[in-house]
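[1] compute the structure for the input listed below.
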Amino acid sequence: MGRRREATTTLREARRRFFATNGFGADGGYDAPWVDATFGPFAYRLPNLRARARALRIHDLHHLVTGYATDWRGEAEISAWELGSGWGRYPYAWMIAIFGVLTGLLAQPRATWAAFARGRRSANLYPRRDVEPLMDRPLSEVARELHVPPSGAKHAVRLGDAGAFAITSITAIAFGFVAAPFVSGFVALGEMRRATRGGCPFTGAAHA
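    Numbers count the residues shown, from 1 in each chain. This next block holds a predicted model:
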């Protein structure tokens, strides 16, 4: 019975559970003016730009179709998966994903490579202008249409995959040098916010 229910769970219902499980609020925080979040031990604060909200609506659905978590490890994996599956039309999403890949390269290179290779065999939702027509369809059906391989599936190494991963990795490292001052500023804002609220640096989810 449980498996049958999971097979028929709609994308909308899966997202509702995703929000509740991760404490993102009933609407995922898409309309909040500012975003407070943590990434590992670092708290940070971002203005919730329209570009971020648009990209995040799709990014969250990618969490559902891939099964990657919202902790820093899962965010590194889904970043690699997203870049492997196609950069799409959201520059904000590219920037966050490149940062996530950089984190993955430093902390878990094998898992990051595996997620990228999985993405190379998948499509993603970033090319879509409107995902609302998908929301009442079964999650499992949407994942199949995107050709998302099962979690943990082994992939033969292909020359094109390795080349694309090398280019992505070099881009991520270069981005890290350029973006470091801006990231420091966002972390400083988050630390100020956390100091006023007394929050724990190791709680919360990475909801970039």
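[2] can you give me the neighbour number for Ile96?
    20 (other C-beta atoms under 10 Å). Yep, even glycine has a C-beta here, placed from its N, CA and C like the rest.
[3] ignore what I typed, I meant Pro133.
    Neighbours of Pro133 (other C-beta under 10 Å): 8.
[4] next one, pLDDT for Leu49 please.
    Per-residue confidence (pLDDT) for Leu49: 83.
[5] hang on, it packs against Met95?
    No. Leu49 lies out of contact with Met95 (C-beta atoms under 8 Å); the separation is 11.2 Å.
[6] of the two, which one has the most company?
    Between Leu49 and Met95, counted using other C-beta under 10 Å, the more crowded position is Met95 (17 against 12).
[7] mind checking which helix or strand the more buried one is in?
    helix 91-107 (DSSP states H and E).
[8] now that helix, how far from the chain's geometric center?
    Centroid separation for helix 91-107 versus its chain: 9 Å, with C-alpha atoms, centre = their mean, to the nearest Å.
[9] next SSE after it?
    Sequence-wise, the next helix or strand downstream of helix 91-107 (DSSP H and E) is helix 109-120.
[10] dump that next one to PDB, keeping only the CA atoms.
    Extracted in PDB, the C-alpha atoms of helix 109-120 (Å, rounded to 0.1, in the frame of the first residue of the first chain):
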ATOM      1  CA  PRO A 109      34.700  14.800  -5.200                       C
ATOM      2  CA  ARG A 110      33.600  11.200  -5.900                       C
ATOM      3  CA  ALA A 111      29.900  11.900  -4.900                       C
ATOM      4  CA  THR A 112      30.000  15.200  -6.900                       C
ATOM      5  CA  TRP A 113      31.300  13.400 -10.000                       C
ATOM      6  CA  ALA A 114      28.600  10.700  -9.600                       C
ATOM      7  CA  ALA A 115      25.900  13.300  -9.400                       C
ATOM      8  CA  PHE A 116      27.300  15.100 -12.500                       C
ATOM      9  CA  ALA A 117      27.400  11.800 -14.400                       C
ATOM     10  CA  ARG A 118      23.800  11.100 -13.400                       C
ATOM     11  CA  GLY A 119      22.800  14.600 -14.600                       C
ATOM     12  CA  ARG A 120      24.400  14.000 -17.900                       C
END
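[11] list the buried residues of whatever helix or strand comes next after it.
    Beyond helix 109-120 on the C-terminal side, the first helix or strand identified by DSSP H and E is helix 139-145. Neighbour counts over helix 139-145 (16 or more other C-beta atoms under 10 Å) mark Leu139, Ser140, Val142, Ala143 as buried.
[12] in contact with the last one, which residues?
    Taking C-beta atoms under 8 Å, 6 or more residues apart in numbering as the definition of contact, the neighbours of Ala143 are Val65, Thr66.
[13] which of the buried residues of helix 139-145 sit farthest apart?
    Using C-beta to C-beta, the buried residues of helix 139-145 span at most 7.4 Å, a distance reached by Ser140 and Val142.
[14] bridged to Val35, which residues?
    When assigned by DSSP bridges, Val35 has beta-bridge partners Leu46.
[15] does it touch Leu46 like I think?
    Yes. Using C-beta under 8 Å, Val35 makes contact with Leu46 at a distance of 4.7 Å.
[16] cheers, nothing more for now.
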